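**Student:** sharing a model that was predicted from the sequence below.
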Amino acid sequence: MSAQQVLFDAPGPRARRNIMIGNIIGVLIALGIIAWIVMALAEKGQLEASKWTPFLEARTWEFFILPGLANTLKAAAIAIVTSVLFGLIFGIGRLSHLTPVRWIAGVVVEFFRAVPVLLMMIFFWLALGSSGAVQPQDAPLIAVVTALTLYNGSVIAELVRSGVQGLPKGQREAGMAIGLTAGQSLRSVEVPQALIAMLPALISQFVVILKDSALGFIITYPELLQYMRRLGVGEGNVIPSLMVAAAIFIVINFALSSLATRLSVLLSFRTKGRRPAVVGAVAMDPAST
């Protein structure tokens, strides 16, 4: 009997019919909303060919779309790496058997999870600009990356903590049975398995980082949204420009989500193939016989 059958009753004919009717109604409502939006845009002249032809010109891609996209991906890529490092350090810190380390990590994580990303971006931008510690042109990028790192790194730290705590207790016992300390078992056995288990959630957080990088336009960081707004003002097609920017974000986020699904399946398959080796190592350890 599967877990789904244990937790939920299989829907009968009437329930399946009601589900189908609800799905049809939902699709019709969604199509109606889309049709209403298209009609409203058409009435305002936003669907005229003259407003969309600039996106077929090479200069639009060369001077607006590609530079903005490059800056967006640059900020997101740096923030993803630093967020993962921050999350691993403070996630392991929250699992430490040393009470002071656990408390300090917990305070840091909870604090930065509670502060809005935009507020941190503005704070670091103003702080860096007034201190003169960096070049003025570098302050927006550093502020964006720092804010994204602190917030999303705190979320990843919670993912690490919850992922490790969700593992079977036998994993730590198996690690300690082959001579590992609690800390070594945490770093070498539990955290890697937790990372694989939480991979879909981790990739989802990467999507959040990519989307939140668009907030950088408020502190003058020249990312994709900033460039598309400039293009829209210059060409008189602000709404089409923002729609194209949204489409680009959707494509990138969909690619990340698809990558997460494939990686999750691949790593889960490889992990299942390695688990018997861990059990065998424990069984063959002379100290355990």
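**Tutor:** Happy to help now that I have it.
**Student:** the residue nearest the centre of the chain and V115, how far apart?
**Tutor:** Nearest residue to the geometric centre of the chain (CA atoms, centre = their mean): Q205, 1.8 Å. Relative to V115, Q205 is positioned 17 Å away (CB to CB, to the nearest Å). Glycine gets a C-beta too; all of them are placed from N, C-alpha and C.
**Student:** what are the ranges of the helices in the stretch 1-150 of the chain?
**Tutor:** 3-7, 13-43, 49-52, 58-60, 66-94, 99-114, 117-131, 139-165 (DSSP state H, counting those that start in this stretch).
**Student:** what's next to the fourth one, contact-wise?
**Tutor:** Put plainly, it is helix 58-60. By CB atoms under 8 Å, 6 or more residues apart in numbering, the list of residues contacting helix 58-60 from outside reads P54, L231.
**Student:** what's the mean pLDDT across it?
**Tutor:** Helix 58-60 shows a mean pLDDT of 92.
**Student:** go on, the last one?
**Tutor:** Averaging pLDDT along helix 139-165 gives 91.
**Student:** buried residues in it?
**Tutor:** The neighbour-count check on helix 139-165 (16 or more other CB atoms under 10 Å) flags 139-161, 163-164 as buried.
**Student:** mind listing what's buried along the helix or strand hosting the residue nearest to the centre of the chain?
**Tutor:** Q205 belongs to helix 199-212 when assigned by DSSP states H and E. Within helix 199-212, the residues that count as buried by 16+ other CB under 10 Å are L199, A201, L202, I203, S204, Q205, F206, V207, V208, I209, L210, D212.
**Student:** output the below-cut-off pLDDT ranges for the protein.
**Tutor:** Low-confidence segments of the chain (pLDDT under 70): 1-9, 168-189, 264, 267-289.
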